[in-house]
Each structure stands twice: as structure tokens, then as C-alpha cells.
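*Asks:* got a structure for you, letters missing:
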Ligand code: GAL
């Protein structure tokens, strides 16, 4: 089928790929590799519980997307995470490791009921996959004062791992030849957000292996060095970090399931924080629902002048695969304040001023 060439973004509407089907890459992220953009996300095209895995699309102009297939198949995951056992991948993100030359995918590995709540890690030699699933685990084991989340068995397994994002910095602080990367995720039963630095391969956290454990977990001793707790007891979700002029930003949502709510953004001088909340990034958003969306990614277009694209999902749980996307211009002014404004239709040129 010959599809129409798209020349603009139309937030909140169906968005057809090169096959003429609505793009299914929810809770997604964009990787720019060489001249191509790759969009990875939840393939919800078969519904919530028949998760197909992580879909991948490619584009050179950000408007027209070619379906590249399922980059990580749910059926290639461990038995307990397969579709037939109600396994689900949420909010997958892919980054490129310049040292190992591997594409590394992190995801929220889940099963219906949201008790599994673990990080999943997969790698590939190619941006479009196939990705090989390595393992699932939880990065932190921390005896927080306010009690453990029993639903996710935090005390024994480590603190829960839900809505997540991977951020790659443009600095190599420890001189290991690769830029630092961090995982941001909702933990402690969504009550508190964790940020953890990754190792040089980006395949787990930045702590050495021990005799006891091949995959070490952060504890209280590592707090403030390798990881941090942010937005403590504030119940923030959908972490969406990015950087602008040496400041670290993160947009988060409140915690209301598929229903949209008011976003907040926060800023810090270092990736681990502490983050200071500056308020709602949306301007003119009368019903205070982040223009009926939940954040998932911020894509730099012209970093120098503070021009980015805000990317969110407008979840439609009755037909999850048809959930539209909300891509909007995100601008940062000279005082470091973010503004996201609604547009029915817009083009990249509108940003590149
Ligand atoms: C949201 C979360 C989504 C999904 C949903 C399920 O709060 O951000 O990624 O997990 O809950 O209800």
C-alpha cells in the first residue's frame, strides 16, 4: 500500500506508518544513530495482555516512520515473562554503547498485577534487533524507613522497578572511555524515584561484581555515590530526563494509571540530583492533564537554542494499541524555564529558530 508522505506532526491523532497502520510504540523512546532516528516502544497492537514485545520504527525526518518489526520478541523472553504468562514490557528505551558497539535496551519487565516490577536488559549488534534478552533483576536493595512494598516483595528481592527511562550524559566522568548513563525509575511501590548510574557496558549498575552476587545491588553505603532517591514519598512516575546547558532536567507525571494528570519538571546540577521542582511545564493546559498525555521522552532538536520535542502517550486503555501520541514543541527560555504549548499541527521548522 502506498502511503501519503507526512509533512507535519498532528498531536493526538492516529499516526500511520509505511504500512498504513497506527504506530504502536508506546512508552517509547527515540535513538538517533548515524543519519537515522529509531523509535522503540511497547508493541500494544495485540492488546494489553498479548504483548508482542518491543517494536522498532525508523525515520529520517521524524514524520514518516518505517516499520522495522519487533526488535525484542516477548516469546524470546524467559518463560515467566512470556505473553502466555501475562508478561509485558513497558517503557523500553534503547541506547548505543560507543565502546562495546552494542545497542542496549532497558525495560520495565512486568506481569499483569504489577508485582513483578523488575528491570530487564537486552542487547543487539543492530539498531533494529533482534535483541537478545540478558536477564531481569532489581538494581537497589535499600531498607527505607517507611516500610517495604509487600505487593512486590521488595524486602527479599530489592526495591521495585516500574516506570523507567535511560539517560546518557555527554560526559565521561570516570574516564572509562564511555559517556555516563543513568536509569531513572519509580520505586518503593511508586512512592519514590531512584536514579542509578550504569556500568561501562550499560548492562547493569556501576558497582563491581562480588562473590556473593554476579549482579550487585545498591545499598545504603552507595547512596549519593552510585544512586540517589528523589521525589521522596511524592509518587512520581513516567520519568523523562534530558540535559540543557549543564543542567539536568526531568519531567514526571503523578500516579493515576492510564488517566492523564498534571506533569511537573525539576532541575538539578548533577544527574543524581538533588532535583528541585519548578512546576508544570505546560502553558495554557486548561484541564491540567499535560495536554491529555503522559511523558515518555524529550528529543533534542536544537540543543544550543533550547529546542526540543516533548513526547507523550495519550493512553486509550480500551484499545491500547491505538493510543495516540502527543508530540509538542518544548522550549527552554534564558532563565531555564520550560514551556510546552499545544499545537493542532506543527512542523520542525517551527522549532529551529
Ligand atoms: C501508568 C504508567 C504506565 C502503565 C500504566 C498502567 O501509571 O505510567 O506506563 O504502567 O500506569 O496502569
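*Replies:* Noted; the coordinates are in hand. Here the structure is a predicted model, which is why all the values come from computation and not from measurement.
*Asks:* mind listing the strands for the stretch 1-150 of the chain?
*Replies:* Listed in chain order, the strands of the stretch 1-150 of the chain (DSSP state E, counting those that start in this stretch) span 26-33, 36-43, 53-59, 66-73, 87-96, 103-111, 118-124, 132-137.
*Asks:* Parallel or antiparallel, list what pairs with the fifth one.
*Replies:* The one in question is strand 87-96. strand 103-111 (antiparallel) (DSSP bridges).
*Asks:* Next, the angle strand 118-124 makes with the partner strand.
*Replies:* 150 degrees (axes from the mean of the first three to the mean of the last three CA atoms, to 10 degrees).
*Asks:* For this structure, which residue gets nearest to the ligand?
*Replies:* residue 257 (3.8 Å; CB to the nearest ligand atom). Glycine gets a C-beta too; all of them are placed from N, C-alpha and C.
*Asks:* how much space is there between that residue and residue 50?
*Replies:* Separation of residue 257 from residue 50 (CB to CB, to the nearest Å): 20 Å.
*Asks:* do residue 139 as well
*Replies:* Taking CB to CB, one finds residue 139 at 29 Å from residue 50.
*Asks:* measure stretch 40-49 end to end?
*Replies:* 19 Å (CA to CA, to the nearest Å).
*Asks:* Stretch 69-89 now?
*Replies:* With CA to CA, one end of stretch 69-89 sits 16 Å from the other.
*Asks:* which parts of that stretch are buried?
*Replies:* Within stretch 69-89, the residues that count as buried by 16 or more other CB atoms under 10 Å are 70-74, 76-77, 81-83, 86-89.
*Asks:* That stretch close to the ligand?
*Replies:* No. Stretch 69-89 stays clear of the ligand (CB under 6 Å from any ligand atom), getting no nearer than 8.6 Å.
*Asks:* What's the per-residue pLDDT of the residue nearest to residue 272 when sequence neighbours are not counted here?
*Replies:* In this structure, residue 272 finds its nearest non-sequential neighbour in residue 228, 4.1 Å apart by CB to CB, 6 or more residues apart in numbering. With respect to pLDDT, residue 228 scores 98.
*Asks:* and residue 228, what is it in contact with?
*Replies:* With contacts defined as CB atoms under 8 Å, 6 or more residues apart in numbering, residue 228 is in contact with 194, 195, 272, 273, 274.
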